[in-house]
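*Asks:* output the structure for:
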Amino acid sequence: MNDELVDILRIANREFQEFIDRVSENGAKVVETRGALGRLGKVDLRLKHISKFLVTASQSSMQSPETAHQVLKYRETLKKLKNSMEALQIALLAEKTRLENVRANMQAACAWATSVREIS
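*Replies:* Okay, the predicted model is just below:
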């Protein structure tokens, strides 16, 4: 049980750090890349898997130094992940606003073109 927990935490830390790095590099553009929703889904599934595993893990299995180290590293990674998600949310809200402005401009141009056509 202890080795399995350590392995799961290592995998989660690696996957979360990869996601954090990708968001840090690309910001909101990470959503434009292929598989962005898949990566978010993978993060969600891993979080659920670990939370279930930690609930069932016995307190004695948490006592080993390696497990304690991986749990601490996991907590630090979760803090970074939270910050990355907040930054991503802000970037996506800014992109949403930009797209809404583009849509409004396109609708205005369409209305103008329609009125010019009707006048002609």
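*Asks:* export the lowest-mean-pLDDT helix or strand in the chain as CSV, just CAs?
*Replies:* Least confident helix or strand of the chain, by mean pLDDT, DSSP states H and E, is helix 36-56 with a mean of 82. Extracted in CSV, the C-alpha atoms of helix 36-56 (Å, rounded to 0.1, in the frame of the first residue of the first chain):
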residue,chain,number,x,y,z
ALA,A,36,-6.1,20.9,-23.8
LEU,A,37,-9.5,19.6,-22.5
GLY,A,38,-7.9,16.2,-22.3
ARG,A,39,-5.1,17.5,-20.1
LEU,A,40,-7.6,19.3,-17.9
GLY,A,41,-9.6,16.1,-17.6
LYS,A,42,-6.5,14.1,-16.8
VAL,A,43,-5.7,16.6,-14.0
ASP,A,44,-9.3,16.2,-12.7
LEU,A,45,-9.2,12.4,-12.8
ARG,A,46,-5.8,12.3,-11.1
LEU,A,47,-7.1,14.6,-8.3
LYS,A,48,-10.1,12.4,-7.7
HIS,A,49,-8.0,9.2,-7.8
ILE,A,50,-5.6,10.5,-5.2
SER,A,51,-8.3,11.8,-2.9
LYS,A,52,-10.0,8.4,-2.9
PHE,A,53,-6.7,6.7,-2.4
LEU,A,54,-5.7,9.0,0.5
VAL,A,55,-9.1,8.4,2.2
THR,A,56,-8.5,4.6,2.1
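*Asks:* so which residues make contact with that helix?
*Replies:* By C-beta atoms under 8 Å, 6 or more residues apart in numbering, the surrounding residues in contact with helix 36-56 are 4-5, 8-9, 11-12, 15-16, 19, 22, 30, 74, 81. No exception for glycine: its C-beta is placed from N, CA and C like everyone else's.
*Asks:* can you give me the mean pLDDT across stretch 80-88?
*Replies:* Mean pLDDT, stretch 80-88: 89.
*Asks:* list the buried residues in it.
*Replies:* 80, 81, 84, 88 (16 or more other C-beta atoms under 10 Å).
*Asks:* what segments of this structure are helices?
*Replies:* Assigned by DSSP state H, the helices in the chain fall at 2-26, 36-56, 65-119.
*Asks:* nice, that's everything, thank you.
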